[in-house]
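Trainee: Could you work out the structure for the sequence below:
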Amino acid sequence: MKKIAIFCCFACLSANTIAQKTVRIGNMEIVLRKAGNDTITQIIVDEPQASSSSRKKTKYVKDCNPNYSHGGYLGFGFVYPARGNDIYDMRRSFTFDIGGRNTFRIARLLSIGTSLGYSFYNYHLKDAVGSPGFEEITGDLLPEEVKKEAFHSNNLTTSFYTRFYFYPPQNNHRKLYIDAGIQGDWAFAKHYKVKDKDGGKDKFYNSYAFNPFYLSAIARIGWNGIAIFGRYRFTDAFNKKVFNNKDLPPYSLGIQFN
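Mentor: Presented below is the predicted three-dimensional model:
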């Protein structure tokens, strides 16, 4: 401020004798010039140039598509032990899911999405060996010889879902949403595993007894990268013609990380 004040005083005293004088202070330029009996003072302030990093950041934001997002997911769940004459009794059972998702925003509070992934289902059954139909799977194995038994299914999955936002997401942050859709499974590797009381283990494969394709309804409620999911299988995992109209529980619940 002191430099500017001294300069202004000097400019006023010498204005009648100076045709034009230019002084630059930082990004400010002061020009004094004589026009007849008048002295004209002009002050020019330069706008600061954006740094290279700022230009890169601006370009990145411009190139982003806020209506499209993609990423992976990892999920852990358990099979709900439903009861009924047409459902096998269950012990603890779990599911594992991993894959990728793509989401396309089509309205302010609405998106559609697809996924492709892998799922593993581990059903621990209780006293199933010896039931009608199991002789086609386990042969002449007797129930009293069995210590543990389980059905394992490795599936390739794909899904289509609709996502409803509770309020518009901003920059993919603070997203509170509900998903609803359908999921298709192809059980490419499946078997029935039995551990007997003597410590022996056997795996039984039967492509006719175990259905290769499933169709399920899915629902999720999520906040940012965490979601609680539920899944209900419409189709049968077991061929009911073999297993006397009995099947595995259709419900599974769990948590997913996106």
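Trainee: Break down the stretch 51-200 of the chain into its helices, ranges please.
Mentor: Using DSSP state H, counting those that start in this stretch, the helices found in the stretch 51-200 of the chain span residues 52-63, 135-138.
Trainee: residues making contact with the shortest one?
Mentor: Under the criterion C-beta atoms under 8 Å, 6 or more residues apart in numbering, residues Val129, Tyr192, Val194, Asp202, Phe204, Asn206, Ala209, Val242 lie in contact with helix 135-138. Any C-beta I mention is one placed from the backbone N, CA and C, and that applies to glycine too.
Trainee: before we move on, the earlier item: which one of the helices of the stretch 51-200 of the chain has the poorest average confidence?
Mentor: Note on the helices of the stretch 51-200 of the chain: lowest mean pLDDT is at helix 52-63, with a mean of 46.
Trainee: got the contact list for the residue nearest to Ala209 when sequence neighbours are not counted?
Mentor: Distance criterion C-beta to C-beta, 6 or more residues apart in numbering; nearest residue to Ala209, sequence neighbours excluded, is Val242 at 4.6 Å. Contact analysis of Val242 by C-beta under 8 Å, 6+ apart lists Gly133, Glu136, Tyr208, Ala209.
Trainee: Go again with 10 Å.
Mentor: The neighbours of Val242, taking C-beta atoms under 10 Å, 6 or more residues apart in numbering as the test, are Pro132, Gly133, Phe134, Glu135, Glu136, Ile137, Asn206, Tyr208, Ala209, Phe210.
Trainee: Now tabulate those residues in JSON lines and tack on distance to Asn102 and neighbour count.
Mentor: What follows is these, written out as JSON lines (distance: C-beta to C-beta, whole Å; neighbours: other C-beta atoms under 10 Å):
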{"residue": "Pro132", "distance to Asn102": "45", "neighbour count": "11"}
{"residue": "Gly133", "distance to Asn102": "41", "neighbour count": "17"}
{"residue": "Phe134", "distance to Asn102": "42", "neighbour count": "23"}
{"residue": "Glu135", "distance to Asn102": "46", "neighbour count": "13"}
{"residue": "Glu136", "distance to Asn102": "42", "neighbour count": "14"}
{"residue": "Ile137", "distance to Asn102": "39", "neighbour count": "22"}
{"residue": "Asn206", "distance to Asn102": "36", "neighbour count": "14"}
{"residue": "Tyr208", "distance to Asn102": "36", "neighbour count": "10"}
{"residue": "Ala209", "distance to Asn102": "36", "neighbour count": "18"}
{"residue": "Phe210", "distance to Asn102": "31", "neighbour count": "21"}
